[in-house]
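Enquirer: okay, predicted coordinates and the sequence, questions at the end:
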Amino acid sequence: MVDHITILTQLPGKGGARRAAAKTLTIDENGNWLKSSQYALGKNFAYSTIAATGINSVYEAVSKISADVYSFIIRGKIRPFVDLSKPVNRRINDRPNDPAHFQEEKRSWVCLDFDRVNIGGLEDIIFDPEEAVEDLIYRHLCKEFHDVTCVWQLSSGAGTTDPDGTLSVHLFFWLSRPMGKEELNSYLKEHAPEVDRSVLGTVQPIFIANPQFEAPFSDPLLKGIGLMEREYDELDLPTLPMPPVQLPVSKVRKTNLGRVAPGYYSKIRMLGDGPGLEGFNAVIPAAVASLVFGKHPYEIDAAAIKLQMRTDIELAPKNPNRSSADIGRYLSDEYLDECIRTASEKYAELAIEPLHEASEMSTADVRQLFQAGLNEFLTNEVMRLAA
């Protein structure tokens, strides 16, 4: 069966520069790795696809696309009416006089995203990444995945900013039948809760571009992507009944942030472990996104958002097997700041560039000049009216 991988490529901005779809890393004065730049997406992109007929062609496609620092992939399919000679938007919802360019599509390939999940020894990531990947699969995925060939791609944090004993990785599998986001989400929610299911979104970016490194530093990994061949080439997942539609929640609720959009509550009600809940890593970024959506950067109160999120994380039900270290990571400034930063880049209003250069005059001088002009205007008006 032939399927396709949708590729979106950043276009040059007003100044002619293009934003990278990859993170850049460097080493600080203390010898620690840090991210010197993050993902930055525009609103319109060049569109292309690569055909895939199985896991081997997925490996070839991911290897090729990852070499382009300006490109990423999505699950969605282009809508038939879209003029591909022009830039495309990354939306599934129409706007007045501005239709969305993508629609949901069942795919024969799936990408699983893991973010800093526990594995064995850290040395495996550098010298034997496949052993680390296999350790992750057997620890965090159910038996259906264990003997299936997959494409693995280590993230920018692997061997750099990720804590010892953890791994961040993309795993690509070829499915025995095409599956849509709702079915995949239902299955992974129940059987693989450590997977970050946000990449199942129709137009959610899947960033696979190789990380960049500031000179004179280079990638510490000997190998960042590979094809791990096993007994079966296709992943055969059982069919699950679709979950019932969630009833709408109350429109307004008082929080640390005052009055916020109802989308936050529809997401945060799914936070935690247990029947009908979706864990933590899949819910927190979505909840944060609802709090920054449509706001200008100066309106985003990071401290208030973190206070609200920590309150809800503390109150959420937790599986007895979930470690305190895991919850501590979700409560940390590092994790929440990253959620806020990523959500702000994707969903907040873009900062408006000034049309004129900033004045060299001080605020006090400007006020004095304005007051003098106002006094002169009023004096002239009084004299005109009295004449």
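Expert: Perfect, I can see it now.

Enquirer: now the element after the longest strand seen in the chain, going C-ward?
Expert: Longest strand in the chain, counting residues (DSSP state E): strand 166-179. Proceeding N to C from strand 166-179, the next assigned helix or strand is helix 181-191, under DSSP states H and E.

Enquirer: hang on, the earlier thing: in the longest strand of the chain, which residues are buried?
Expert: Residues of strand 166-179 classed as buried: 166-175, 179 (neighbour count, 16 or more other C-beta atoms under 10 Å). Bear in mind the C-beta positions are built from the backbone N, C-alpha and C, glycine included.

Enquirer: any chance of JSON lines for these, columns pLDDT and distance to residue 376?
Expert: Shown next, in JSON lines, are these (pLDDT from 0 to 100; distance: C-beta to C-beta, whole Å):
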{"residue": "166", "pLDDT": "85", "distance to residue 376": "68"}
{"residue": "167", "pLDDT": "87", "distance to residue 376": "70"}
{"residue": "168", "pLDDT": "91", "distance to residue 376": "64"}
{"residue": "169", "pLDDT": "93", "distance to residue 376": "69"}
{"residue": "170", "pLDDT": "96", "distance to residue 376": "66"}
{"residue": "171", "pLDDT": "97", "distance to residue 376": "72"}
{"residue": "172", "pLDDT": "98", "distance to residue 376": "71"}
{"residue": "173", "pLDDT": "98", "distance to residue 376": "75"}
{"residue": "174", "pLDDT": "97", "distance to residue 376": "77"}
{"residue": "175", "pLDDT": "97", "distance to residue 376": "76"}
{"residue": "179", "pLDDT": "95", "distance to residue 376": "73"}
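
Enquirer: could you list every helix and strand in contact with the longest strand of the chain?
Expert: helix 55-65, strand 107-118, helix 129-140, strand 150-154 (3 or more C-beta pairs under 8 Å, 6 or more residues apart in numbering; DSSP states H and E).

Enquirer: for residue 87, which of these is the nearest?
Expert: helix 55-65 (18.6 Å; C-beta to C-beta).

Enquirer: looking at the helices and strands packed on strand 166-179, which is buried most?
Expert: Greatest average neighbour count among the helices and strands packed on strand 166-179 goes to strand 150-154 (a mean of 25), per mean count of other C-beta atoms under 10 Å.

Enquirer: that one - contacts with which helices or strands?
Expert: When contacts are defined as 3+ C-beta pairs under 8 Å, 6+ apart, strand 150-154 packs onto helix 55-65, helix 129-140, strand 166-179, strand 225-228.

Enquirer: lowest average confidence across those, which one?
Expert: When those are ranked by mean pLDDT, helix 129-140 comes last with a mean of 90.

Enquirer: other residues contacting that one?
Expert: Helix 129-140 has contacts (C-beta atoms under 8 Å, 6 or more residues apart in numbering) with 114, 117-120, 124-125, 145-146, 150, 152, 154, 158, 167, 169, 171, 192, 194-195, 221-224, 226, 228.

Enquirer: could you report the neighbour count for residue 328?
Expert: If you count neighbours by other C-beta atoms under 10 Å, residue 328 ends up with 10.

Enquirer: assumed it was part of a strand.
Expert: No - assessed by DSSP: H, G, I helix; E, B strand; the rest coil, residue 328 does not belong to a strand; its assignment is helix.

Enquirer: please report how far it lies from residue 340.
Expert: 18 Å (C-beta to C-beta, to the nearest Å).

Enquirer: next one: residue 32
Expert: Distance from residue 32 to residue 340, counting by C-beta to C-beta: 22 Å.

Enquirer: between these two, point out the one with more neighbours.
Expert: Using other C-beta under 10 Å, the more surrounded residue of residue 32 and residue 340 is residue 340, with 22 against 10.

Enquirer: now do the contacts for the more buried one.
Expert: Going by C-beta under 8 Å, 6+ apart, residue 340 touches 288, 292, 300, 302, 305-306.

Enquirer: excluding its backbone neighbours, what's nearest it?
Expert: On the basis of C-beta to C-beta, 6 or more residues apart in numbering, the spatially nearest residue to residue 340 that is not a chain neighbour turns out to be residue 302, at 5.3 Å.

Enquirer: run a quick neighbour tally on that neighbour.
Expert: A count of neighbours around residue 302, defined by other C-beta under 10 Å, yields 15.

Enquirer: just the pLDDT for it.
Expert: The score at residue 302 is 91. That number is its pLDDT.

Enquirer: surely it meets residue 337?
Expert: Yes - Residue 302 is within contact range of residue 337, at 7.0 Å (criterion: C-beta atoms under 8 Å).
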